[in-house]
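>>> Provide a 3D model corresponding to the input given below.
(2 chains, ligands or ions: 2)
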Amino acid sequence: MEIKKSKKTAVDVNAIRKLIKKHKKNDLAFAALGMFVIASLTITLIILFLDLVLDGYPKFTLDFFSNFPSRRAARAGILSAWVGSSLVLLVTFFVAVPLGIAAGIYLEEYAKKNWVSDIIEINVSNLAGVPSIIYGLLALGLFVYSFGLGQSILTAGLTLALLMLPIVIVSTREAIRAIPIHIREAAYAVGATKWQVVLHHVVQYSYGGILTGVIIGMARAIGETAPVITIGALTFIAFLPPSPVSVDPPFLNFEWLSSGFTVLPIQMFNWISRPQHAFHINAAATGAVIIILTALMNGFAIKLRYNVRKKIKW
Amino acid sequence: MVAKNKHNEIIKAESRDLNFFYADGTQALKNVSLPVYENKITALIGPSGCGKSTFLRSFNRMHDLYPGNRYDGQIILYPDNTNILDPKVDPIEVRMRISMVFQKPNPFPKSIYENVAYGLRVRGESNARVLDEKIEEALKGASLWDEVKDRLQDLAFNLSGGQQQRLCIARALATDPEIMLFDEPTSALDPIATVNIEELMSSLKDKLSILIVTHNMQQAARISDYTAYMYLGELVEHDKTGTIFTKPSKKETEDYITGKFG
Ligand SMILES: Nc1ncnc2c1ncn2[C@@H]1O[C@H](COP(=O)(O)OP(=O)(O)O)[C@@H](O)[C@H]1O
Ligand SMILES: [Mg+2]
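Ligands and ions are numbered 1, 2, ... in the order given. Here you go, the predicted model:
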């Protein structure tokens, strides 16, 4: 028996194929452009980093981390700088994170939409774009002179907290907005109050995004130099602030908050501005340390987001 | 005194001249007066956009979550004659008495156990023995117990769509509601899961009263005792399901039922 096959004239298959080919070319062009941009950025960063490492590698010793700065480049280390950075970031963390998350939750969940919230909204987004030296000037006037907090770790921590606040607020709000409306409605429908919804759902489903923002904010704060110089951080410090923890009760001690300090980028800046080449090696090593810390923090943020995404999929 | 009506059924709740306006001014309900009978399933049918969900969501004050929405009229809940739309009545109190199952299964990204426990937790229940008991009872009531009893700590997302919807029913059931609202509960499910849910709803009416929105007329015919036909925000006809589907008294209802329209 003969098999019947369609004899109707076909659409112009060749024309369709040509069209598809043309469209695919656009795909290819865009992908190539994207690759080029990403590659040039990545390569620039890698070259910068390698340059620092190659210059600074003789200093990657324990001594470098456990020595105070010194007039003799070979003996100089970053002990006071990394301790200073850590303590400043500690203050920044404990100020910016609770305030930022609370502000984000308030703005998303509680604030009525009116001109007041509009103004706050505009302010928050603008704050993220203000040059950091402005924060330094603000802090100099406010924290150092008006509040009399001095050129201390507390002042620096508060200043960097201001800088970090908009990042935390924005990432909190974005994470909250990503929670689907039908999940909220499910919670309200069984009789939850607004506070219960915030506590049991909103916070729990958004903490991945919030933490990501926190870590990225901290990574930014760690490298900030201008505002810390503005408030008058010291450039040469050969002592450590009093320890925050002690063996005797009450175990916690807050004298360190009012101590003078320096931080990693300032230490680096100090060394790079000296004429002797030996100090430049120290500066390069310090730069590498800062970049490694930043990269570790960002990597941790990415890993965190990945873990949360795996658990919570809408 | 128990309220009764022309069908000689016990009224669990009734809307009286209910109008509803969304924040943008859209009037989605026009003078809807409709009873929900005790231990019966009342189905709401009508073309998409006619106000079925809007009506249903008035029963647990869901519209209060969004500013600018406005109710006008009453929904009386018996036996206590509470007008649940009264601004003096806390919507949370209403939601503690009337629970809801949504169109798309919406379990929390938590364990199976915690999903069912949640309604009890917001009521302050923390006794593990009480919780365990209530959760088992609710999961059995939602015919899900046998499938999940060995993995109560698993994430709810790992269940199939039909299981997730039964989990949501268990969650709504765990708090012993007086009325359960269903908004097209099977529209996202496959035919077998749909049959499961339908059987489940029929088994629940011994315990409570059910108001269900469905765009599927066969479903209304299969499971409901009473059916209400809505069109453009108005209640066109409300009667025994058998009557609505065999000899409706309004021409519009007949046209919709027979597929001439809609
Ligand atoms: N949030 C809203 N704001 C304004 N109008 C709405 C909103 N939700 C629904 N509507 C309108 O209200 C009417 C009824 O909608 P709905 O109750 O969802 O219908 P149904 O559930 O019967 O499909 C429709 O005209 C719809 O466009
Ligand atoms: Mg609907």
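
>>> pretty sure residue B:68 is touching residue A:113, no?
No. Checked against CB atoms under 8 Å, the pair residue B:68 and residue A:113 is beyond contact range at 10.0 Å. To be clear about C-beta, it is placed using only N, CA and C from the backbone, and glycine gets the same treatment.

>>> and for residue B:70, the neighbour number?
The tally of other residues near residue B:70 (other CB atoms under 10 Å in any protein chain shown) stands at 12.

>>> got it, and residue A:247?
6.

>>> do the same with residue B:198
Per other CB under 10 Å, the neighbour tally for residue B:198 reads 19.

>>> which elements pack onto the lengthiest helix in chain A?
When chain A is parsed with DSSP state H, its longest helix is helix A:13-56. Counting contacts by 3 or more CB pairs under 8 Å, 6 or more residues apart in numbering or on different chains; DSSP states H and E, helix A:13-56 packs against helix A:277-311.

>>> what comes up buried for the helix it packs on?
The neighbour-count check on helix A:277-311 (16 or more other CB atoms under 10 Å in any protein chain shown) flags A:279-291, A:293-294, A:297, A:301, A:304-305, A:308 as buried.

>>> re earlier: distance from the longest helix of chain A to the middle of the chain?
Distance of helix A:13-56 from the chain centroid (CA atoms, centre = their mean, to the nearest Å) equals 26 Å.

>>> and stretch A:157-174, by the same measure?
The answer for stretch A:157-174 is 9 Å, by CA atoms, centre = their mean.

>>> coming back round to it: what mean pLDDT does the helix or strand following the longest helix of chain A have?
Remark: after helix A:13-56, the chain's next helix or strand is helix A:62-66, criterion DSSP states H and E. The average pLDDT within helix A:62-66 is 88.

>>> contacts for helix A:62-66?
A:75, A:77, A:78, A:79, A:82, A:282, A:285 (CB atoms under 8 Å, 6 or more residues apart in numbering or on different chains).

>>> residues of it that come out buried?
Using 16+ other CB under 10 Å as the test for burial, helix A:62-66 gives A:64, A:65.

>>> CA atoms only: put that helix into CSV for me.
What follows is helix A:62-66, C-alpha atoms only, in CSV (Å, rounded to 0.1, in the frame of the first residue of the first chain):
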residue,chain,number,x,y,z
LEU,A,62,54.2,34.9,61.2
ASP,A,63,56.4,37.7,62.3
PHE,A,64,54.7,40.1,59.9
PHE,A,65,51.4,39.5,61.7
SER,A,66,52.8,39.6,65.2
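
>>> measure the nearest residue in space to residue A:111 that is not next to it in sequence to residue A:103 for me?
Residue nearest to residue A:111 in three dimensions, not counting chain neighbours: residue A:117, with 4.5 Å by CB to CB, 6 or more residues apart in numbering or on different chains. Look at residue A:117 and residue A:103: by CB to CB, to the nearest Å, they are 12 Å apart.

>>> check what pLDDT residue 182 gets.
If you meant another chain, say so; for now it's chain A. Looking at residue A:182, its pLDDT reads 94.

>>> try again with chain B
What the model reports for residue B:182 is a pLDDT of 97.
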